[in-house]
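> Only the shape, not the letters, is given here:
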């Protein structure tokens, strides 16, 4: 007997897995396809996401967009906030985590900078590299000029790793110099070593970013060549910065000073040239203040500080989740609060400040996605402190990243699934599993150390992927701790950067100039034009907007 079309359709409905899209397979007993609760995620009191909600929400956002007015005033103050390694997937996952930690909906949450009115994308490649490093990308943003992988301070004429050849390379000034030449105050704040790639790109010139101290310089280096720490203390524009806060004290201390103190070098940077660069800074800035712990930082009367130099750890500033073990170290928000208050105080000329959430990158390299997200949220809190302090009518704030990473946010998790956990639907108790029958985390990497924890099953006779035991994976209901090692697809000791575009979010004067996919170096040009400093200081607009 022939089946009628209605009966055929009925049978297909009973066996959806037999006709589903092979690229998007049906979810067995999974997503609540016919559940009354689907699409009714609560955002607040009695808020339901039915069609009326979305029509109203879209209308309100459209109304706000139509009312926007561009601020074309002079950017008296310019603040560049860099999330090192803060890929778009990192932003998305951090946004979700922020909402979930506040017992709110995660996916619809927003980070502070996501509320900014203007945004674009940044192409992060170096002149000689498709996937970049942090030094050359930071330099592109700070100078408006792209350069070679692993170098700072020079254009493409620099020969990477050659200190002799670099003496003939073309030096390019950065916004730190532009601002100081215009009479503005300047500051650099980071959670990395202050001599690390991003902060160093603001004040130093080096054919190799790792030359942070004299012990790192190659043997053939001329005596006239200065390591990055010396350039910060001895040379303009680092020497003339008003606020410098971060880690990396080791590169400023002579090796002899640490004898008998039971200290083991963390970065191999205790100085062999005998120079005590902290003492030198104090000598050069007799009215300046040096601090090395969070208590002294918080005790400062910001109205009385002329210059501030703070080195809070021998290596990088500890991760935010480890600060209980390192009582001397501040949070990024503590450093930012001091810096912005000092730079704002009785300042008619304005200021430039670089802020870096630098340890987002480090945690990604270590394969620790959750810690990368908590470091992103630390930067979010620091930005909110800035917004609580500055006047956006005269302050341009740009939030961006130097490059991306290979972390992905994947699988088909339900909307309320803990982003730190495995792929599942909390509503229906469905758990997505691999072909080995094991669940897998929502967050993972294309490469990195996570692969190294895999083992071969005992007594396995398989010679293919079925012999792999995915040991140490998360179980359902478990949220990964900050130090959890996320799975990866290729075994590496350190996960790599990604070459995809990163976001640019901006508010304040001339922030509307970010409007499409830009070269990363364009960021420097917008800051120059908005503040009437550097290469665009003499334009027609700036002739009537003098400081």
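In hand now; what should we look at? Being a predicted model, the structure only gives us computed values, none of them experimental.
> switch to C-alpha atoms for all contacts and neighbour counts from now on
OK.
> Quick one: residues contacting the most centrally placed residue in the chain.
Geometric centre of the chain, nearest residue: residue 83, 1.8 Å, by CA atoms, centre = their mean. Residue 83 is in contact with 356-358, 360-361, 376, 379, 399-402, counting by CA atoms under 8 Å, 6 or more residues apart in numbering.
> Next, give me the two most distant ones among these.
361 and 399 (15.4 Å; CA to CA).
> More neighbours: these two, which one.
Comparing residue 361 with residue 399 by other CA atoms under 10 Å, the one with more neighbours is residue 361, at 30 against 23.
> Just give the nearest non-adjacent residue to the more buried one, would you?
Leaving aside its sequence neighbours, residue 361 sits nearest to residue 85 (CA to CA, 6 or more residues apart in numbering; 4.5 Å).
> just to revisit the earlier point, what about the contacts of residue 83, which are in helices?
If you go by DSSP state H, the contacts of residue 83 have 360-361, 376, 379 in helices.
> ok, these vs residue 348, which is closest?
residue 379 (27.5 Å).
> partners of the nearest residue to the closest one once chain neighbours are set aside in the sheet?
Among residues not flanking residue 379 along the chain, residue 357 sits closest, at 5.7 Å (CA to CA, 6+ apart). Counting by DSSP bridges, residue 357 is bridged to residue 83.
> Would you check that residue 357 makes contact with residue 84?
Yes: here residue 357 reaches residue 84: they are 6.1 Å apart, a contact under CA atoms under 8 Å.
> ok so, going back, can you give me the distance of the residue nearest to the centre of the chain to residue 200?
15 Å (CA to CA, to the nearest Å).
> secondary structure class for the residue nearest to residue 520 when sequence neighbours are not counted?
For residue 520, ignoring the flanking residues on the chain, the nearest one in space by CA to CA, 6+ apart is residue 122 at 5.0 Å. Counting by DSSP: H, G, I helix; E, B strand; the rest coil, the backbone at residue 122 sits in strand.
> What of residue 208?
Residue 208 - assigned by three-state DSSP - is coil.
> Show me which strand runs longest in the chain.
strand 185-193 (DSSP state E).
> need the strands for the stretch 201-350 of the chain, in chain order.
Applying DSSP state E, counting those that start in this stretch to the stretch 201-350 of the chain gives strands spanning 243-247, 289-291, 308-311.
> Deepest-packed of those, please.
Of the strands of the stretch 201-350 of the chain, the one with the most neighbours on average (mean count of other CA atoms under 10 Å) is strand 243-247, at a mean of 27.
> who touches that strand?
186-194, 307-317, 335, 339, 342-343.
> Relative to that strand, what are the paired strands and their orientations?
Strand 243-247 sits in its sheet next to strand 185-193 (parallel), strand 308-311 (parallel), going by DSSP bridges.
> among the ones you listed, which is nearest residue 489?
When these are compared by CA to CA, strand 185-193 sits nearest residue 489, at 27.9 Å.
> and the closest one, how far from the chain's centre?
Mean-position distance between strand 185-193 and its chain equals 14 Å (CA atoms, centre = their mean, to the nearest Å).
> what do you get for stretch 346-360?
Using CA atoms, centre = their mean, the offset of stretch 346-360 from its chain centre is 15 Å.
> Could you do stretch 319-330 as well?
19 Å.
> now stretch 313-324
Counting by CA atoms, centre = their mean, stretch 313-324 comes out at 16 Å from the chain centroid.
> What ranges does the stretch 351-500 of the chain have for its helices?
Ranges of helices in the stretch 351-500 of the chain, per DSSP state H, counting those that start in this stretch, are 359-365, 369-389.
> which of these sits most buried?
Buried most deeply of those, by mean count of other CA under 10 Å, is helix 359-365, with a mean of 27.
> other SSEs contacting that one?
helix 369-389 (3 or more CA pairs under 8 Å, 6 or more residues apart in numbering; DSSP states H and E).
> Report the contact partners of residue 502.
For residue 502, the contacting residues are 86-88, 121-124, 400-404, by CA under 8 Å, 6+ apart.
> TSV for these, including neighbour count, pLDDT and distance to residue 255?
Formatted as TSV, those follow (neighbours: other CA atoms under 10 Å; pLDDT from 0 to 100; distance: CA to CA, whole Å):
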residue	neighbour count	pLDDT	distance to residue 255
86	29	98	35
87	28	98	38
88	21	98	42
121	20	98	44
122	25	98	42
123	20	98	41
124	31	98	38
400	28	99	37
401	29	98	35
402	30	98	33
403	31	98	35
404	29	98	36
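> re the thing from before, which one of the strands of the stretch 201-350 of the chain lies closest to residue 153?
Closest approach to residue 153 among these (CA to CA): strand 243-247, 18.6 Å.
> ok, so of the ones in helices among the contacts of residue 83, who is nearest residue 219?
For these, the nearest to residue 219 is residue 361 (30.3 Å; CA to CA).
> Can you name the residues bridging to the residue nearest to residue 512 when sequence neighbours are not counted?
Distances taken as CA to CA, 6+ apart place residue 118 nearest to residue 512, at 5.6 Å, with adjacent residues excluded. Residue 118 forms beta bridges with residue 506, as assigned by DSSP bridges.
> And the pLDDT at residue 118?
In this model, residue 118 is scored at 98, pLDDT.
> I figured it hits residue 515, correct?
Yes: using CA under 8 Å, residue 118 is in contact with residue 515, at 6.9 Å.
> When those two are compared, which one has more neighbours?
A direct count of neighbours by other CA under 10 Å for residue 118 and residue 515 places residue 118 higher, at 21 against 14.
> how about the strands in the stretch 401-547 of the chain?
404-405, 407-409, 424-425, 430-431, 443-445, 455-456, 468-469, 497-498, 502-507, 517-519.
> Within the sheet, what are the partner strands of the second one, with directions?
This points to strand 407-409. For strand 407-409, pairing defined by DSSP bridges yields strand 443-445 (antiparallel).
> and if you look at the fourth one?
Partner strands and pairing direction for strand 430-431 (DSSP bridges) are strand 424-425 (antiparallel).
> What are the contacting residues of the strand it pairs with?
In contact with strand 424-425 (CA under 8 Å, 6+ apart) are residues 30-31, 412-417, 430-432, 476.
> Throw those into TSV and include distance to residue 152 and neighbour count, thanks.
Listed next are these as TSV, based on distance: CA to CA, whole Å; neighbours: other CA atoms under 10 Å:
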residue	distance to residue 152	neighbour count
30	51	19
31	50	22
412	42	17
413	42	23
414	44	20
415	43	20
416	44	17
417	42	20
430	50	19
431	48	22
432	46	23
476	46	18
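> Throw the residues you listed into TSV and include pLDDT and distance to residue 280, thanks.
Output for the contacts of strand 424-425, formatted as TSV (pLDDT from 0 to 100; distance: CA to CA, whole Å):
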residue	pLDDT	distance to residue 280
30	52	65
31	55	64
412	94	57
413	95	56
414	94	57
415	94	56
416	94	55
417	96	54
430	91	63
431	93	60
432	93	60
476	89	56
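> Of those residues, just say which sits nearest to residue 453.
So of the contacts of strand 424-425, ranked by how close each gets to residue 453 (CA to CA), first place is residue 476, at 19.3 Å.
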